[in-house]
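# Model the following, please.
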Amino acid sequence: MPQLFLAVLTALSATVLLHACGGSGDSTNSAAVSAYVTDDLGDYDSVEFTINTVQLRHTGGRTCEIIHEPLAIDAAELGHDQIIERIDTTTCEAGPYNRLHVELGEDVTLRRTLNGQPVTDQCKFVSYYDDNSSRPNRLACASGVCSVDITGAINLVARSHEHVALDADLKEFTVDFATTPCEVTLKLSPLHADDKLSVGYRTSLSGYVSDLDASYDHFVLTVDGGTYTVQYAGVTDQIGLDTLLGRAAADRLKTKVRCQTIDNSTTPPTCAAQSVATQPLKTITVKAKGDVSALDSSLQTFTLGYGGTTLPVNYTKATELGKLEGVLADDATAEVTLYGFDLDFFLAREVEVTAGSGGT
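Okay, here's the model as predicted:
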C-alpha cells in the first residue's frame, strides 16, 4: 500500500510547554518562558527529526524565540516513556501572541521492525493538517528547513503561569511510501500541556552534575536557564548509580533526569527522581562520546576514550534492547547512554557508532 496510516490511542505531541511567570527586572513587561517537547509514537521504534526553532509571534510585530537552536529528538523514545522534555528558559515580553512559528528540519528518520528485521526509512516532512483543515496544507520548505505557523491565542501575563503546547496528532499521521524519498504528513494543533502532566507524564531535565552527595542521594543539575536540586533516593533499579553520577560530575558528561515531581517552592526547584516500573527508560542516564578500543565482542565490553581519559563500558543491555546502532570496531567513534556501574564496567543501554565502522 502506498500509505501507512497509524491509528494510536494517544497523540504524538511535539509539545512546546510554555511556563510563563514573573521575570526579573520590570515584571509588568516580561514573562519567563520554559520550552519543553514531548512525543508519543506507538508503532515506530524510533522517529528522529530536528526542531530548528520555535517562536511566539503576533501580527503587530511582537516575537519571542523560545527554542533557540536546533534540537534533535527521538519522538518514539519520549512517547514510550511519557516524557515532556524541558529545553530552555527565556524571557518574553508580556502580552498577547496569536501564533507559534515552528521550523523543522525537512528530514525525518523512521525506524521500525518488519518481519522481525530492523528497517530504516529516510523520509521528508511535506505537509500538515491543522484544526480547521480537511486536507493537508503543504509545508513551506527551503534548504532543508520546513516552516509552519500554528494560529492560536497565547497570552503571557507577568506574575502568572501560562501553559500552551503544539500537538502533532498521530491519528492524522501518514507516511507515503509511493514516493522517493517517502513523505510524512502530520496534524498540528494547540494543546494545553497541563493535560500531559495531569495524566502522569514526567518532566525530563538535561544538564551537568555538581555538588553530589551520595550519602543523602542528591545533587545539583545545571540546565540551560537555571539549576535544580535532584533527589534520587527513589531510584531503586539502577545498580552503581552513585559511581555513575560521580563520573558524570568529574568528566562533565551530559546527564538526563526524569522527574516524577518538581517542587518549585524551593530554591532552586527540587526534582524528585523515582523509578517507575511501567515506563521502560531509566530515570537517570548519562551520555559519553569517544573512541572505541579494547573491544571484546564475546564479553560485550570495550574502552571508550575521550578528553584524555577512558571509560570501561559493558554494552550487554544495549544488545538485549536492540539499541546497538552501527558496527562496533576498534578506532570507531561511538556515543553511549549509561545507566549504572557493575563489576568494573559502566553499563550502556544504547550504543551508536557515529564514525568509523558502521558510522556516518
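
# so how many other residues sit close to D45?
Neighbour count of D45, defined by other Cβ atoms under 10 Å: 18. Using the backbone N, CA and C atoms, a C-beta is placed for each residue, glycine as well.

# Settle this for me: it is touching L114, isn't it.
No - checked against Cβ atoms under 8 Å, the pair D45 and L114 is beyond contact range at 10.5 Å.

# Give me the distance between the two termini of stretch 212-229.
10 Å (Cα to Cα, to the nearest Å).

# Can you list the buried residues in that stretch?
When burial is assessed from 16 or more other Cβ atoms under 10 Å, stretch 212-229 yields the following buried residues: 212, 217-229.

# distance between stretch 139-158 and the chain's centre?
Distance, stretch centre to chain centre, for stretch 139-158: 19 Å (Cα atoms, centre = their mean, to the nearest Å).

# can you check stretch 57-73 too?
With Cα atoms, centre = their mean, you get 18 Å for stretch 57-73.

# pLDDT added to the buried residues of stretch 212-229, as TSV?
As requested, those are arranged in TSV below (pLDDT from 0 to 100):
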residue	pLDDT
L212	99
D217	98
H218	98
F219	99
V220	99
L221	98
T222	97
V223	92
D224	82
G225	75
G226	87
T227	95
Y228	96
T229	98
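
# Could you let me know which of these ends up closest to T180?
Top of the list for closeness to T180, among these and by Cβ to Cβ, is D224 at 38.3 Å.

# Thought G207 was touching that closest one, still the case?
Yes - using Cβ under 8 Å, D224 is in contact with G207, at 7.4 Å.

# which neighbours do the two share?
Contact with both D224 and G207 is made by no residue, according to Cβ atoms under 8 Å, 6 or more residues apart in numbering.

# which secondary structure element contains A249?
When secondary structure is defined using DSSP states H and E, the element that contains A249 is helix 241-251.

# Kindly report the same for T113.
strand 107-114.

# Mind listing residues that contact that strand?
Outside of strand 107-114, the residues that reach it under the criterion Cβ under 8 Å, 6+ apart are 43-50, 76, 118-125, 144, 175, 182, 184.

# Buried subset of those residues as a PyMOL selection?
The command below creates a PyMOL selection of those among the contacts of strand 107-114 that count as buried (16+ other Cβ under 10 Å):
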select buried, resi 44+45+46+47+48+49+50+76+121+123+124+125+175+182+184
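
# Tell me who's in contact with T203.
For T203, the residues meeting the contact criterion (Cβ under 8 Å, 6+ apart) are 36, 83-86, 197, 258-259, 262, 271.
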